[in-house]
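Undergrad: give me a 3D structure for the following:
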Amino acid sequence: MAGLKQTIIRGGLESLYFTGAHIALRPFVGGVGAILTLHHVRPPRPDRFQPNRLLEVTPRFLTRVIKTLRRSGLDLISLDEMHRRMTGGDFSRRFACLTFDDGYRDTLQWAYPILKEAAVPFAIYVPTSFPDRLGELWWLVLEAVIARNDRVGLVIAGRDRKFDCRTVAEKRALFDELYWWLRSRPTEAELRDVIRNLAAFYHVDIAAFCSELCMNWRELAELATDPLVTIGAHTVTHPMLAKLTKDNVRSEMDLSRSVIEAALAVRPLHLSYPFGDRTSAGAREFEIAAELGFKTAVTTRPGVLFPEHAQCMTALPRISLNGDYQRIRYVRVLLSGAATAMWNGFRRLDAA
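TA: Predicted coordinates:
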């Protein structure tokens, strides 16, 4: 299923590019700017089973993206400057903002030198349990369990299920099935319980992922001193907020901001919703973020920015630099607004 979806998306991007439709549509759907989403930036890995590869791009690709943005005449600006332009109606030049979710160490190791040399502002959204070494990167736990075993057992709907996953194809199919089954759990607590049980039974160290992959507070403090860097909030535990009570949603947002301020002496004014799709954040979360005084909050709903987004600055769309689509021509299509306009049925706003 995931492979079919990728083929369809890639085919759509190729068609828009090679027919020139993205150029023809750009004056109508290109908007005033875009916010780009990244997670990992690191050299490619040789592993054949990499179900989370969509979350990582190579340093070479990031370098090429920056050059492409500059050659396209886009201003590369900070979130604060984006907020100023949006709320002040300053749309004389198109712009792009670069944002990194989760605070991975490779942002410091690989992305930062590239961005520093090019003088590109960027934002890092930090879930505070990650540098506190209490976070649960459950999607990586699931990958590890499947990667290390030829057969995986799990209780689903009261039944003890066994899944064979000897081949790479079987592992990919199983990850896709279990990932979306976990995402569909009615509560965040149920999802976390399943992951903890899997980790315990198959001897996967949940805490090791934070220690190995995520920046600690010292490393974040190093980055926070650079004027190019904006530190944003990304909740405490990285939950799907839509599955929490209203009070818990407010606590996740507000406490993460307070913890960051205490650790880095920087009070975050910008927020990213974990996962950020329609099943994870909606109108309730957008309202709470606004009530808490965040200047902006970003989703992962696909889209470019239009002047109308000035009226819903806590429900902003982004363009994902997806590891499965590392082609500059795809970036050009996405920045044109053509692909996301078609995805959104040519609606400019999606804030419900």
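Undergrad: show me the domain layout of the protein.
TA: Taking automatic domain parsing as the criterion, the chain consists of the domains 2-131+220-343, 138-207.
Undergrad: those: which one's closest to residue 350?
TA: Relative to residue 350, the nearest member of those by CB to CB is domain 2-131+220-343, separated by 5.4 Å. The way it works is simple: take the backbone N, C-alpha and C, and place the C-beta from them, glycine included.
Undergrad: report the buried residues of the helix ranked longest in the chain.
TA: In the chain, assigned by DSSP state H, the helix with the most residues is helix 246-264. Neighbour-count burial for helix 246-264, with 16 or more other CB atoms under 10 Å as criterion, is recorded at 249, 250, 252, 253, 254, 256, 257, 259, 260, 263, 264.
Undergrad: farthest-separated two in those?
TA: 249 and 264 (23.1 Å).
Undergrad: now residue 202: closest residue in space, sequence neighbours ignored.
TA: residue 145 (4.8 Å; CB to CB, 6 or more residues apart in numbering).
Undergrad: which element is the one you found on?
TA: helix 138-147 (DSSP states H and E).
Undergrad: the helix or strand just after that helix pairs with which strands?
TA: Per DSSP H and E, the first helix or strand lying C-terminal to helix 138-147 is strand 151-156. Here strand 151-156 has these sheet partners by DSSP bridges: strand 159-164 (antiparallel).
Undergrad: which other residues reach the partner strand?
TA: With contact meaning CB atoms under 8 Å, 6 or more residues apart in numbering, strand 159-164 is reached by 150, 151, 152, 153, 154, 155, 170, 174, 178.
Undergrad: can I get the buried part of those as one ChimeraX selection?
TA: In ChimeraX, this line selects whichever of these come out buried by 16+ other CB under 10 Å:
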select :152,154,170,174,178
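Undergrad: excluding residues flanking it in the chain, which one is nearest residue 229?
TA: That would be residue 223: by CB to CB, 6+ apart, it lies 4.9 Å from residue 229.
Undergrad: same question for residue 214.
TA: residue 130 (4.1 Å).
Undergrad: that neighbour: neighbouring residues, count only.
TA: Neighbour count of residue 130, defined by other CB atoms under 10 Å: 26.
Undergrad: for residue 75, same thing?
TA: 16.
Undergrad: is it bridged to anything, and to what?
TA: When bridges are called by DSSP bridges, residue 75 pairs up with residue 95.
Undergrad: OK, contacts around it?
TA: 93, 94, 95, 96 are the contacts of residue 75 under CB under 8 Å, 6+ apart.
Undergrad: tell me the pLDDT of it.
TA: Reading off the confidence values, residue 75 has pLDDT 98.
Undergrad: roughly how far does it sit from residue 292?
TA: Residue 75 sits 29 Å away from residue 292, going by CB to CB, to the nearest Å.
Undergrad: got the buried residues for stretch 272-281?
TA: Those would be 272, 273, 274, 275, 276, 280, 281, for stretch 272-281 by 16+ other CB under 10 Å.
Undergrad: and the helix or strand of the chain with the lowest mean pLDDT, what's buried?
TA: One helix or strand of the chain scores below all others by mean pLDDT, DSSP states H and E: helix 2-18, with a mean of 87. For helix 2-18, the neighbour count (16+ other CB under 10 Å) marks 2, 9, 12, 13, 16, 17 as buried.
Undergrad: excluding chain neighbours, what is closest to the third one?
TA: Closest residue to residue 12 in three dimensions, ignoring its sequence neighbours and counting by CB to CB, 6+ apart: residue 339, at 6.5 Å.
Undergrad: give the contact list for the residue nearest to residue 310 when sequence neighbours are not counted.
TA: Computed as CB to CB, 6+ apart, the closest residue to residue 310 that is not its neighbour in sequence is residue 86, at 4.7 Å. By CB under 8 Å, 6+ apart, the contact list for residue 86 reads 32, 305, 307, 309, 310, 313.
Undergrad: and which of the buried residues of helix 2-18 is nearest residue 53?
TA: residue 2 (11.0 Å).
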